[in-house]
Every structure is written in C-alpha cells, then in structure tokens.
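Participant: Any chance you could fold what I've pasted below:
(2 chains)
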Amino acid sequence: NSKVIQTPRYLVKGQGQKAKMRCIPEKGHPVVFWYQQNKNNEFKFLINFQNQEVLQQIDMTEKRFSAECPSNSPCSLEIQSSEAGDSALYLCASSLGAFNYAEQFFGPGTRLTVL
Amino acid sequence: GDSVTQTEGPVTVSESESLIINCTYSATSIAYPNLFWYVRYPGEGLQLLLKVITAGQKGSSRGFEATYNKETTSFHLQKASVQESDSAVYYCALGMATGGNNKLTFGQGTVLSVIP
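Facilitator: Numbering: from 1, shown residues only, chains lettered A, B, ... in the order given. Purely as a prediction, here's the structure:
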C-alpha cells in the first residue's frame, strides 16, 4: 500500500481565496508529481519535482498555481486565487525516478471545493 | 498531445463472468510509451494494477491481464472470471519519459460493478 500522505483530505474555499495542500512522498522517493482530477474524471498533470527542482509544469500552473518541495518539509501546492473551475481532486504521487517505467505511488488526494 | 481512450462505463457484469475493458492510446513521440492500468477501489487511493514497458509483452496481476499491442495501439484489460471484490474504477495510462519527465496521461476511467 502506498504511503504517500496528503493533507487535508477536504478543503473548502471561497472564490478568490488561497488554497494550500500538502504532500509527503514515500520515503526515499525523490520525484513528486501533482495531478488534478476534475468532476469528469479527467486527469491533468500540473507539475513535478526531482528533489527540490521543477522538472516540468504546465502553463496553468505557472499562472495561479505555485508549488514547492523544500528539503526536509512536505511538498505543497497552492492556488493563489481560487476559482470555481479549480474544484477537483488533487493527487500527489511519488516515484523512485523520472525514468519512464518508474511506478508512481499515489496519495488519497485532497478534494478542493471552491464555492 | 498524448491521449488514452477506454471503454465508457459503467460496466456491470455478474460474478464469475469474463471481463474486457478496452484501452487505445495515441502517443506523439516516436518512442514507444509505457502502459499502465491503475485501479481505485471504493474508499481507497489510486494504485497500480499492472504495467508493461515493452511492446508485445503481457502484464498480469490479481487475475487481470493486458497485452501491449503496438500495431493496434491497444492495451485492453481482461479477466476470465471476475469477483465482487473487483468492483472499482479502472484507469488506463500512458507514460512517456520525454525530457526526463515521466508524467502519466490517463484515460477517463471505467467504473466496474460486479454483481454477486
């Protein structure tokens, strides 16, 4: 069973508010991913890190979303000004490496509701 | 970009019947992708069911099988005899390590209900 920890499990925010969620990857996993799963079950890759460095992020992430994976602290994903369309399940995953067959282990997710 | 299409659910089968969930993919890179099936059981997180990284090979786990067919760009999930405990949401996914980033592209998921 995966040991990726995500907090909080549920988050409710008003439009324009900041929303911050955290992720502790499996021990020894240097690569962390953030995905968004919307109400239509569609996944969208947001950003990933290897140790503290960003490997890739999508345009959406670059504008209102910010993320970091500081050394010896949980990784975090923050939405600066929440919009209704941000309501989704945010999944954190970790893996042993960025090589193409590395299994990604997923956390339970943070369900964000923007009112 | 890359895309994955799978059987639109929900799919309902009776216990001990056979199951197939179709998955086809489209990859923009000339390199062959790696293919995965993930599953989310009720109340649990997403977990890997099986993976195949070489075209032509078959992966198997918990009685499920999937064969990587590069000619038809398919990776269908099959099981000869389902159990009630197989009721879950199944996701087909594609992974490409382009630029050192092995992000996954998921299908829309297939809800499976097994009737006892």
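Participant: what about A:V54, distance to chain B?
Facilitator: Distance, A:V54 to chain B, using C-beta to the nearest C-beta, to the nearest Å: 10 Å. Placement of C-beta: from N, CA and C, glycine included.
Participant: ok, that residue - contacts?
Facilitator: A:V54 is in contact with A:I47, A:N48, A:A67, counting by C-beta atoms under 8 Å, 6 or more residues apart in numbering or on different chains.
Participant: and A:K18, how many neighbours?
Facilitator: 11 (other C-beta atoms under 10 Å in any protein chain shown).
Participant: which intervals of chain B have sub-threshold pLDDT?
Facilitator: Along chain B, segments meeting pLDDT under 70 span B:97-101.
Participant: and it, which of its residues are near chain A?
Facilitator: Within chain B, the positions near chain A by C-beta under 8 Å from any C-beta of the partner chain are B:33-34, B:38, B:44-48, B:51, B:53, B:89, B:91, B:95-97, B:99-106, B:108-109.
Participant: of these, buried ones?
Facilitator: B:33-34, B:38, B:45-46, B:48, B:51, B:89, B:91, B:95-97, B:101-106, B:108-109 (16 or more other C-beta atoms under 10 Å in any protein chain shown).
Participant: Spatially central residue in chain A, please.
Facilitator: A:W34 (3.2 Å; C-alpha atoms, centre = their mean).
Participant: Could you tell me the phi and psi values at the closest residue to that one other than its chain neighbours?
Facilitator: Distances taken as C-beta to C-beta, 6 or more residues apart in numbering or on different chains place A:L46 nearest to A:W34, at 4.3 Å, with adjacent residues excluded. For A:L46, the backbone dihedrals are phi -110, psi -50 (criterion: degrees, to the nearest 10).
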